[in-house]
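Novice: the sequence and its predicted three-dimensional model are supplied below.
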Amino acid sequence: MDKNEVLRKKRVIELFLETHLSLYETCVSRWELWQPNDYLAELRRLYATIQKKEYQERLRLNELDDPVFFFRSMQNTSKNVFPDVVADHRFTFDRYMKIRNASSHAGKVSDDDVRYFSMFCEHMTATLLATMSVAPAPVWPPTNVPPPPRPVKTPTVVAPKIITATNEGLAQVLAFYVLCDTSTSMFGAGINAVNISINEMHAQLLEDPIIADKVRISLFSFSSSAKLEMPLIKPSDIVSMPTLAASGVTNYGRAFQLINNQIQSDLVSLSQTHRPMRPVLFIVTDGSPTDKDWVGYLDELVDAANPFAPTIVIFPCGFETNVLEKGFADLTKGAPPRIWPLGLGKPLEDAIRDAINSLTKSIVQTATGGGDTLVVGGS
């Protein structure tokens, strides 16, 4: 990368951060008018359902102090909340975010891109800050003109509020939950493979000192009912892994309900002493749901209004996932789980070993990667 390319990217990032700070107050005012009860919950849901790939990969909690979430939220609500910004068709949030992403990663940024980015930042600032001193009471929803935000005496630049759960002064921690299918179809070689593999997983997690400080892990089993086998704990504090037994049918709903309750309890407690990222739930199973109401419980679990809604990765061992995918289409509150296929035709015990090996690599590489992106299966 040449010097000019570095300078162009640096300028885009500077503009991105400066504009975020400048617009924070007035944008929050508009969002409050749009959804007075809980605008942040709705912004999180929109982000999860529209930017599905970003939501599944990024583990940082969705707060408006994050410029990426902030501008994506502007994009997601542009028609209802910011019609005056997008009324000028020369500017689109899509190109704006593409230039930002190229500047933050390995993309190319031209002089034209920098000029466009700068003009869009000026356009947003001029358009939105000009409405901050408008006195008439706002009317919502908008008719032919955009509503003014809540009146403010003087335009001010206010640093974003950072809530306790994302306090930068606390040590960052990643919570991983492992849910293992222990239904009757796992009896014999299948459940033996699970028990051997989770012990191998534990041994591998102990090899890296970063894991001991940054990772917490919990283990659940599910069949006709669901059970917490191992509470959230540091890998180095685990004396021995539980031994699982197979029986019953594959009831997904009860597992999702139990895990949802447990995650809320764990993460609220953990946030008092650490800065938790979004948790990750890995599911290892050899069959589709046998219960009828599992989608509703899953929808509650992935509800993006909850900052601790987990990213979910399912490792299907030796079965077609049509039933799962059909159910995912009915989710309304958050992004669907990611399915990580291991290939049909493998012996069950081999598929299970591959699944737990993949999730172990995911934990290690995500925790030691230094970013906020989930790595799945070592890819």
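Specialist: Alright, I've got the coordinates.

Novice: show me the shaky parts of this protein.
Specialist: Judged against pLDDT under 70, the low-scoring parts of the chain cover residues 1, 132-168, 343, 378-379.

Novice: tell me the domain ranges of it?
Specialist: As given by automatic domain parsing, the domain ranges for the chain are 3-162, 166-368.

Novice: out of these, which one sits most buried?
Specialist: Stretch with highest mean neighbour count among the domains of the chain: domain 166-368 (a mean of 18; mean count of other Cβ atoms under 10 Å). (C-beta placed from N, C-alpha, C; glycine too.)

Novice: tell me the SS of residue 331?
Specialist: Secondary structure state of residue 331, per DSSP: H, G, I helix; E, B strand; the rest coil, is coil.

Novice: for it, give me its contacts.
Specialist: For residue 331, the residues meeting the contact criterion (Cβ atoms under 8 Å, 6 or more residues apart in numbering) are 295, 298, 299, 302.

Novice: which two in the residues you listed are spaced the farthest apart?
Specialist: In those, the most distant members under the criterion Cβ to Cβ are 295 and 302, with 10.5 Å between them.

Novice: could you export the domains of the chain as a markdown table, including distance to residue 375?
Specialist: Formatted as a markdown table, the entries for the domains of the chain read as follows, by distance: least, Cβ to Cβ, whole Å:
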| stretch | distance to residue 375 |
| --- | --- |
| domain 3-162 | 9 |
| domain 166-368 | 4 |
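
Novice: in this structure, which strand is the longest?
Specialist: Ranked by residue count under DSSP state E, the longest strand found in the chain is strand 172-181.

Novice: which strands or helices does it pack on?
Specialist: Here strand 172-181 is seen to pack against helix 189-205, helix 209-214, strand 215-222, helix 252-270, strand 275-276, strand 280-285, helix 348-368 when contacts are counted using 3 or more Cβ pairs under 8 Å, 6 or more residues apart in numbering; DSSP states H and E.

Novice: between those, which one is closest to residue 315.
Specialist: Each of the helices and strands packed on strand 172-181 was checked against residue 315 via Cβ to Cβ, and the shortest separation belongs to helix 348-368, namely 3.6 Å.

Novice: now the closest one against strand 172-181, angle please.
Specialist: Interaxial angle, helix 348-368 versus strand 172-181 (axes from the mean of the first three to the mean of the last three Cα atoms, to 10 degrees): 170 degrees.

Novice: how big is the angle separating helix 348-368 from helix 189-205?
Specialist: Angle of helix 348-368 versus helix 189-205, following the same axes, to 10 degrees, is 20 degrees.

Novice: about what we covered before: nearest to residue 38, of the helices and strands packed on strand 172-181?
Specialist: helix 252-270 (16.7 Å).

Novice: relative to the whole chain's centre, how far out is that closest one?
Specialist: For helix 252-270, the gap between its own C-alpha mean and the chain's C-alpha mean amounts to 16 Å (Cα atoms, centre = their mean, to the nearest Å).

Novice: so what does that helix touch, helix or strand wise?
Specialist: For helix 252-270, the packing partners by 3+ Cβ pairs under 8 Å, 6+ apart come out as strand 172-181, strand 215-222, strand 226-233, helix 294-301.

Novice: one step back: tabulate the helices and strands packed on strand 172-181 (TSV), appending distance to residue 245.
Specialist: Below are the helices and strands packed on strand 172-181 laid out as TSV (distance: least, Cβ to Cβ, whole Å):
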stretch	distance to residue 245
helix 189-205	7
helix 209-214	28
strand 215-222	8
helix 252-270	16
strand 275-276	32
strand 280-285	15
helix 348-368	15
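
Novice: out of those, flag the one nearest residue 34.
Specialist: Ranking the helices and strands packed on strand 172-181 by proximity to residue 34 (Cβ to Cβ) places helix 252-270 first, at 26.8 Å.

Novice: give me the contacts around the helix or strand encompassing residue 127.
Specialist: In the assignment (DSSP states H and E), residue 127 maps to helix 111-129. By Cβ under 8 Å, 6+ apart, the surrounding residues in contact with helix 111-129 are 8, 11-12, 15-16, 18-19, 22-23, 26-27, 82, 84-85, 88, 90-91, 95-96, 99-100, 102, 155.

Novice: export stretch 89-106 to CSV, keeping only CA atoms.
Specialist: Taking C-alpha atoms only, stretch 89-106 is exported to CSV below (Å, rounded to 0.1, in the frame of the first residue of the first chain):
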residue,chain,number,x,y,z
HIS,A,89,-30.1,11.2,-4.3
ARG,A,90,-26.5,12.0,-4.9
PHE,A,91,-25.8,10.4,-1.5
THR,A,92,-26.5,6.9,-0.3
PHE,A,93,-25.6,5.1,2.9
ASP,A,94,-24.7,2.0,1.0
ARG,A,95,-21.7,3.7,-0.8
TYR,A,96,-20.9,5.6,2.4
MET,A,97,-20.5,2.4,4.4
LYS,A,98,-18.6,0.6,1.6
ILE,A,99,-16.0,3.3,1.6
ARG,A,100,-15.7,3.2,5.3
ASN,A,101,-15.3,-0.6,5.2
ALA,A,102,-12.7,-0.4,2.5
SER,A,103,-10.8,2.1,4.6
SER,A,104,-10.9,-0.1,7.7
HIS,A,105,-10.0,-3.3,5.9
ALA,A,106,-8.1,-4.3,2.8
